[in-house]
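S.K.: Coordinates for the following, if possible.
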Amino acid sequence: MPQIRKKKTPEAEIPTSSMADIAFLLLLFFLVATTIDVDTGIGLTLPEYVPPEEQIQVEISKDRLATLLINENGDILLNDEVVMLAQIGEKLKPRIQSKIELPGNKKLIVSVKTDSKTNYNLYIQALDQVKESYFAIREEYSFQKYGKKVINLNEEQSTDVKEKIPIIISIAEPEIVK
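M.R.: Residues are numbered from 1 along each chain as shown. The predicted model follows:
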């Protein structure tokens, strides 16, 4: 008796020959279409390292120095006077303006010093207030001398404004209080 054989149905297969191409195209698409957020950080120019034996101590008169101290409780002292964060700029402006016409090494130095436990956000806000007061005075000087905003000045005029009102901020290391 002849045997009846069942016809085998082929098993379903997914063709994988182009799977690598599709994966590569998807990867390429997402690389091109995705934007990457880059944090630029704080724009500070740090001084070059000088070994302690090569460091030179320079005497600075008190009228050239504005001290800004921030403790761990968030209290702010500007020249031994308790101030609010928003008052830093208005208190610094007259001191900065009084030094505009003085030659080179006679400009105001703002020394910012914190405690090791000071809130970082408060420190950055205080630094922003100091810089904002310098920028405001640069704008006023630019308007008086050139009749334009700082951003509209040519390179020579902009250099003149920066030389007349240099931003000199000394950031002291935080003290560790035990």
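S.K.: which residues does the residue nearest the centre of the chain contact?
M.R.: Geometric centre of the chain, nearest residue: Ile42, 2.0 Å, by Cα atoms, centre = their mean. Shown in contact with Ile42 (Cβ atoms under 8 Å, 6 or more residues apart in numbering): Ile124, Leu127. C-betas here are computed from N, CA, C, even on glycine.
S.K.: and it, how far is that from Thr67?
M.R.: According to Cβ to Cβ, to the nearest Å, Ile42 and Thr67 sit 21 Å apart.
S.K.: after the top helix by length along the chain, next one along is what?
M.R.: Across the chain, the longest stretch assigned as helix under DSSP state H is helix 120-146. Per DSSP states H and E, the first helix or strand lying C-terminal to helix 120-146 is helix 155-164.
S.K.: What residues of that following helix count as buried?
M.R.: Ser158, Asp160, Val161, Lys164 (16 or more other Cβ atoms under 10 Å).
S.K.: cool, stretch 109-126 as well?
M.R.: Neighbour count says stretch 109-126 has Val110, Val112, Lys113, Thr114, Asp115, Thr118, Leu122, Tyr123, Ala126 buried, by 16+ other Cβ under 10 Å.
S.K.: Please apply the same query to stretch 76-94.
M.R.: Result for stretch 76-94 [16+ other Cβ under 10 Å]: buried residues Ile76, Leu78, Val83, Ile88, Gly89, Lys91, Leu92, Lys93.
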